[in-house]
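**Student:** quick one, fold the following:
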Amino acid sequence: MTIDEKLQHFYEVSLDEAREDAARAIQDHKDYLQKVLEEHKQSRIQTAEAEVKAETEHVRREVNKALSSEQITLKRNWSLKQNELKETLFAEVKNRVQQFTATPEYQDYLCRRIREAKDFAEDDEIFFTCNDLEQLNVEMKEKIKAPLFSINENLGKEYFIKDATYSKVHRNINYRIEWNEKYVYVNQQMQIEDTGSGAVDEKQAEKQVYIESLQQTVPIYYSAHEGSLNCNVVHDKSTLFLVSNLNIDEFEKIIESIDYK
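**Tutor:** As a prediction, the model looks like this:
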């Protein structure tokens, strides 16, 4: 191979290597640019998402702020309107009442209401004039038409029954049994909502009495202030209260005779 041929061959080989190096450098640069482009895209996307999120949160806060302000305004206006309507209504009612009180119908209305109140008051209490305890129990059952406590002890023939009444409004019965300077005061409250047991501390009781018909034991107490004995019986949401100046044995017999039906 001549020198010219060798030179020619060297030239061609060098040219091929240069082309390959150039192509490789160009490809590396393209890859670098592509990487930079992708990173730039990703960065812009993240920035855009953050901006959108921040703007969305800002808009939400502004909307909530506007809604809250509007609600306060609406409540204030509603309250003012309500007060205005109340004042208008009260003024109108007051005016109509004043007009009504100046009419003859108002006088008729007052008279009617007074008569109704009077009739109601007169019909409230029922008075019993019976002087026999057994007969009194019968008459009370007929008038009241409800279960009642009754005393069934034989008191003899010399007792008197005084002030026997029944109040429809208060649903209570009161009467007093008297004989030979002795007495038993009877009060019955019917169908009360909550009576408890009616018991007091047993250490203060003078005696415990068993009522067979009611199957319960009740205490007798002594009141030093009044100088009397008393007993409270609770049954079927009704309560019976007895006060007496009898001796304790006589009072016990009366309590033992109590029935409820």
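**Student:** was I right to think Glu153 contacts Asp259?
**Tutor:** No - contact between Glu153 and Asp259 fails when scored by C-beta atoms under 8 Å: they sit 10.6 Å apart. The way it works is simple: take the backbone N, C-alpha and C, and place the C-beta from them, glycine included.
**Student:** Asn245: neighbouring residues, count only.
**Tutor:** 15 (other C-beta atoms under 10 Å).
**Student:** quick one: it and Trp179 touch, right?
**Tutor:** No - contact between Asn245 and Trp179 fails when scored by C-beta under 8 Å: they sit 11.3 Å apart.
**Student:** what residue ranges in the stretch 151-261 of the chain are flagged as low confidence?
**Tutor:** By pLDDT under 70, the low-scoring segments of the stretch 151-261 of the chain are 157, 191-203.
**Student:** ranges for the helices of it?
**Tutor:** For the stretch 151-261 of the chain, helices defined by DSSP state H, counting those that start in this stretch occupy the ranges 248-256.
**Student:** could you pull out the strands in it for me?
**Tutor:** Shown for the stretch 151-261 of the chain, the strands assigned by DSSP state E, counting those that start in this stretch span residues 160-167, 172-179, 182-189, 207-211, 216-223, 228-235, 238-244, 259-260.
**Student:** now do the second one against strand 238-244, angle only.
**Tutor:** Counting by axes from the mean of the first three to the mean of the last three C-alpha atoms, to 10 degrees, strand 172-179 points 30 degrees away from the direction of strand 238-244.
**Student:** what residues of strand 172-179 count as buried?
**Tutor:** For strand 172-179, the neighbour count (16 or more other C-beta atoms under 10 Å) marks 172-175, 177 as buried.
**Student:** elements contacting that strand?
**Tutor:** helix 133-144, strand 160-167, strand 182-189 (3 or more C-beta pairs under 8 Å, 6 or more residues apart in numbering; DSSP states H and E).
**Student:** output these as JSON lines; include the columns distance to Asn95 and mean neighbour count.
**Tutor:** Below are the helices and strands packed on strand 172-179 laid out as JSON lines (distance: least, C-beta to C-beta, whole Å; neighbours: other C-beta atoms under 10 Å):
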{"stretch": "helix 133-144", "distance to Asn95": "48", "mean neighbour count": "15"}
{"stretch": "strand 160-167", "distance to Asn95": "41", "mean neighbour count": "15"}
{"stretch": "strand 182-189", "distance to Asn95": "47", "mean neighbour count": "19"}
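**Student:** between those, which gets nearest to Phe10?
**Tutor:** Nearest of the helices and strands packed on strand 172-179 to Phe10, taken as C-beta to C-beta: strand 182-189 at 135.0 Å.
**Student:** starting at the chain centroid, how far to that closest one?
**Tutor:** Centroid separation for strand 182-189 versus its chain: 38 Å, with C-alpha atoms, centre = their mean, to the nearest Å.
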